[in-house]
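**Q** Below is the structure, and that's it, no one-letter string:
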């Protein structure tokens, strides 16, 4: 089978339906959303994630590479001004469907654009919150993308990123006995797979963030043990308990570092 190209940013027009079914439609998606909601409830003191939060002025929120908008639609439902951009037209179509289901179809601005050229569509806008989830690992130059994202965050505003953790990929391959893949650091997937073109080392990403003078508010692991359960019958047997344990261990070392994805909330 042909390997995926890592010479151009990935467009998900061909895989949008698989993302909807395999990532967002099951326990993996529930864990991701639960960790993000918990982190925002603890560290971002605005609706919709803090119970009992009084009505506040509308904030400007950007979901950069937002895909189907499963997480960000909650901000629009809470009355915030949401802009969702994506390079994939098919993903945007699905996101518009999510907006209709959430009752916010008229409150979300959808932009078909790469993040790197977003300013040509919105001008020198700055946002109170910029979300960029599961995008860095799909672009050729993730550091450049972080620079572009920072430019969109207003001083005192927040940036939320999640990225695919290469150490988690290595560990899972070790458990499966794929030793040559680990020794050769050959983690690229085949064309049409959901394996990122550029899985990232957390220490590298945190180095970039430090260079950009972004203050880290919190860091969590997403799916710190779920994906390592090789027996599918066990992996799906008790979703409620798995979710409870994932939330508990997502902020505890050494489990946090094993998260398939890392979530970092930052302040500019």
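**A** Sure thing, it's come through. Since the model is a prediction, treat every value here as computed from it, not as a measurement.
**Q** Do a quick rundown of the strands in this protein.
**A** Under the criterion DSSP state E, the chain carries strands at the ranges 60-64, 81-86, 108-112, 127-133, 153-164, 215-222, 261-267.
**Q** any low-confidence regions in the stretch 101-250 of the chain?
**A** For the stretch 101-250 of the chain, applying pLDDT under 70 flags the ranges 189-193.
**Q** can you list the strands of the chain in TSV and add mean neighbour count?
**A** All C-beta spots, glycine's among them, are computed from the backbone N, C-alpha and C. Conversion of those to TSV gives the following (neighbours: other CB atoms under 10 Å):
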stretch	mean neighbour count
strand 60-64	26
strand 81-86	24
strand 108-112	17
strand 127-133	23
strand 153-164	20
strand 215-222	19
strand 261-267	21
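**Q** could I get these as CSV with distance to residue 228?
**A** Shown next, in CSV, are the strands of the chain (distance: least, CB to CB, whole Å):
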stretch, distance to residue 228
strand 60-64, 29
strand 81-86, 30
strand 108-112, 36
strand 127-133, 22
strand 153-164, 15
strand 215-222, 12
strand 261-267, 14
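**Q** Walking through the stretch 101-250 of the chain, point out its helices one by one.
**A** Counting by DSSP state H, counting those that start in this stretch, residue ranges of the helices within the stretch 101-250 of the chain are 119-122, 142-151, 166-175, 179-183, 202-211, 232-235, 239-249.
**Q** and the ones you listed as TSV, adding mean neighbour count?
**A** Formatted as TSV, those follow (neighbours: other CB under 10 Å):
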stretch	mean neighbour count
helix 119-122	13
helix 142-151	18
helix 166-175	17
helix 179-183	12
helix 202-211	15
helix 232-235	10
helix 239-249	15
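**Q** mind putting the ones you listed in TSV, distance to residue 93 included?
**A** Below are the helices of the stretch 101-250 of the chain laid out as TSV (distance: least, CB to CB, whole Å):
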stretch	distance to residue 93
helix 119-122	18
helix 142-151	24
helix 166-175	30
helix 179-183	35
helix 202-211	31
helix 232-235	31
helix 239-249	29
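**Q** Between the two ends of stretch 203-221, how far is it?
**A** One end of stretch 203-221 to the other measures 14 Å (CA to CA, to the nearest Å).
**Q** which residues make contact with that stretch from outside it?
**A** With contact meaning CB atoms under 8 Å, 6 or more residues apart in numbering, stretch 203-221 is reached by 35, 38-39, 42-44, 136, 142-143, 146-147, 150, 158-159, 161, 163, 165, 249-251, 255-268.
**Q** coming back round to it: for the helices of the stretch 101-250 of the chain, which one sits closest to residue 110?
**A** Closest to residue 110 of these is helix 119-122 (CB to CB; 10.9 Å).
**Q** rewinding a little: wait, which of the strands of the chain is closest to residue 30?
**A** Residue 30 lies closest, by CB to CB, to one member of those: strand 215-222, at 11.1 Å.
**Q** Okay, angle between that closest one and strand 261-267 too, please.
**A** Angle between the axes of strand 215-222 and strand 261-267 is 160 degrees (criterion: axes from the mean of the first three to the mean of the last three CA atoms, to 10 degrees).
**Q** Report the strands that pair with strand 215-222, each with its relative direction.
**A** In the sheet, strand 215-222 lines up against strand 261-267 (antiparallel) (DSSP bridges).
**Q** And the contacts of the partner strand?
**A** Strand 261-267 is contacted by residues 32, 35-36, 39-40, 43-44, 134, 156-165, 168, 202, 205-206, 209, 214-223 when judged by CB under 8 Å, 6+ apart.
**Q** what residues are up against residue 119?
**A** By CB under 8 Å, 6+ apart, the residues touching residue 119 are 125, 151, 152.
**Q** pLDDT score assigned to residue 54?
**A** Model confidence at residue 54, expressed as pLDDT, equals 54.
**Q** I'm done for today, thanks for sticking with me.
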